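1. Sequence plus the predicted model coming up.
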Amino acid sequence: MPIELYRIDDRLVHGQVVVGWGQPLNITFVVLVDDIIATSDWEQELYRMGAPPEMTVTFETVESATAKLAEYQSRAAHGILLAGDIDTMRRLVERSGTINHVNIGGIHHRAGRTARLRYVFLTPEEEVSLREMGAGGVTITAQDVPATTPVPLDEVLAGTGE
């Protein structure tokens, strides 16, 4: 499984992803799934600047990522698939049928969200989406960096993790 991590992180490509996860997992490619960024050359360039030269960053829509997922999963190199929000990952999970574990890495505060962990804030709708993915057989855990213990979804939603 060359995609080592399917991660939801609203900051997308940043130090915690490329160094914190990238080095221990020996990551050489990132697939950033976002319907808007996939069509914006200047935003893509900004995210590429956040990755070291030995790490490629590819931009996909949910539709194109679904079509290319088997290719990414069969690569010899190790990669991370990133989505900036729960809805994007949910759509990818539903369409692919091959993603069985999702990592919540960072969903930060904004209006309408409630703190569940120090790095996870959720709206009621986002909680429903996570529960639905979990009920569909996807294991969902929250873990900001590899050195911390993964927090199971039930603990995240109860606000009892960490």
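-> Thanks, I have the structure now. Numbers count the residues shown, from 1 in each chain.

2. Going by C-alpha atoms from here, please, whenever you check contacts or count neighbours.
-> OK.

3. all helices for this protein, in order.
-> Ranges of helices in the chain, per DSSP state H, are 15, 41-49, 62-73, 86-96, 124-135, 153-158.

4. for the residue lying closest to residue 24 once chain neighbours are set aside, what are its contacts?
-> Once flanking residues are discounted, residue 24 sits nearest to residue 146: 7.9 Å by C-alpha to C-alpha, 6 or more residues apart in numbering. Taking C-alpha atoms under 8 Å, 6 or more residues apart in numbering as the contact definition, residue 146 lies against 20-21, 24.

5. Could you check the pLDDT of residue 146?
-> Residue 146 is assigned a predicted lDDT (pLDDT) of 92.

6. just residue 17 next, same as before
-> Value for residue 17, per-residue pLDDT: 83.

7. Enumerate every residue touching it.
-> Contact criterion C-alpha under 8 Å, 6+ apart gives no residues in contact with residue 17.

8. what about it, distance to residue 88?
-> 18 Å (C-alpha to C-alpha, to the nearest Å).

9. so how many other residues sit close to residue 3?
-> 22 (other C-alpha atoms under 10 Å).

10. Give the bridge partners for it, please.
-> Counting by DSSP bridges, residue 3 forms beta bridges with residue 79.

11. wouldn't it be in contact with residue 80 here?
-> Yes - if you go by C-alpha atoms under 8 Å, residue 3 and residue 80 touch, sitting 5.4 Å apart.

12. coming back round to it: can you tell me how far the residue nearest to residue 24 is from residue 135?
-> 25 Å.

13. likewise residue 92?
-> Remark: distance between residue 92 and residue 135 (C-alpha to C-alpha) = 16 Å.

14. Which of these two has more residues huddled nearby?
-> Between residue 92 and residue 135, residue 92 has the larger neighbour count (other C-alpha under 10 Å), namely 22 against 10.

15. wait, what's in contact with the closest residue to the more buried one other than its chain neighbours?
-> Once flanking residues are discounted, residue 92 sits nearest to residue 62: 5.8 Å by C-alpha to C-alpha, 6+ apart. Residue 62 makes contact with 33-35, 88, 91-92, according to C-alpha under 8 Å, 6+ apart.

16. ditto for residue 16
-> Taking C-alpha under 8 Å, 6+ apart as the test, what residue 16 contacts is 144-145.

17. Repeat that for residue 3.
-> 72-73, 78-81.

18. tell me which of these is nearest to residue 131?
-> Nearest to residue 131, judged by C-alpha to C-alpha, of the contacts of residue 3 is residue 81 at 20.5 Å.
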